[in-house]
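# coordinates only, sequence not included:
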């Protein structure tokens with residue numbers, strides 16, 4: 001039970017945008033992940049939660065923008081994305097949710 005909770009801490013949510021839909025046509029699925037998650041952790045979590053084989057994991061960190069919130073200057077949080085490449089024949093339907 002605790003191992004599964006750790007996997008859900010690593011993977012926050014799938015990201016569904018035009019760019020990620022284009023990537024999914026080439027066998028990639030994009031997730032928002034914990035900012036301190038390492039690539040092996042991400043691979044292990046995706047394989048355990050979805051029952052698929054992962055070929056590769058690429059990550060990118062998007063720095064938070066400075067924005068106004070109700071007139072006050074604030075900062076959005078940094079977000080880490082994981083582009084997970086799946087082995088041939090494996091698919092994840094991200095529209096169903098975790």
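Noted; the coordinates are in hand. None of these values were measured; they are calculated from a predicted model.
# okay, CA-based contacts and neighbour counts for the rest of this
Noted.
# quick check: the residue nearest the centre of the chain vs residue 39, distance?
The chain has residue 31 as the residue nearest its centroid, 1.6 Å off, counting by Cα atoms, centre = their mean. Distance, residue 31 to residue 39, by Cα to Cα, to the nearest Å: 12 Å.
# quick one: low-confidence parts of this structure?
Counting by pLDDT under 70, the chain contains low-confidence residues at 1-3, 94-98.
# counting by contacts, list what the longest helix seen in the chain packs against.
In the chain, with assignment by DSSP state H, the single longest helix is helix 39-50. Packed against helix 39-50 by the contact rule (3 or more Cα pairs under 8 Å, 6 or more residues apart in numbering; DSSP states H and E) you find helix 2-10, strand 11-14, strand 54-62.
# ok, residues contacting the last one?
Translated: strand 54-62. Contact with strand 54-62 is made by 35, 39, 42-43, 46-47, 78-87, as judged by Cα atoms under 8 Å, 6 or more residues apart in numbering.
# what subset of these is buried?
Neighbour-count burial (16 or more other Cα atoms under 10 Å) is assigned, among the contacts of strand 54-62, to 42, 43, 46, 80, 81, 82, 83, 84, 85, 86.
# those into TSV, with extra columns for distance to residue 70?
TSV is the format used below for the buried ones among the contacts of strand 54-62 (distance: Cα to Cα, whole Å):
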residue	distance to residue 70
42	36
43	39
46	38
80	26
81	28
82	32
83	34
84	37
85	40
86	42
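# just those now: which is nearest residue 74?
residue 80 (19.3 Å; Cα to Cα).
# got the contact list for the closest one?
Residue 80 sits next to 32, 33, 34, 35, 59, 60, 61, 62 when contact means Cα under 8 Å, 6+ apart.
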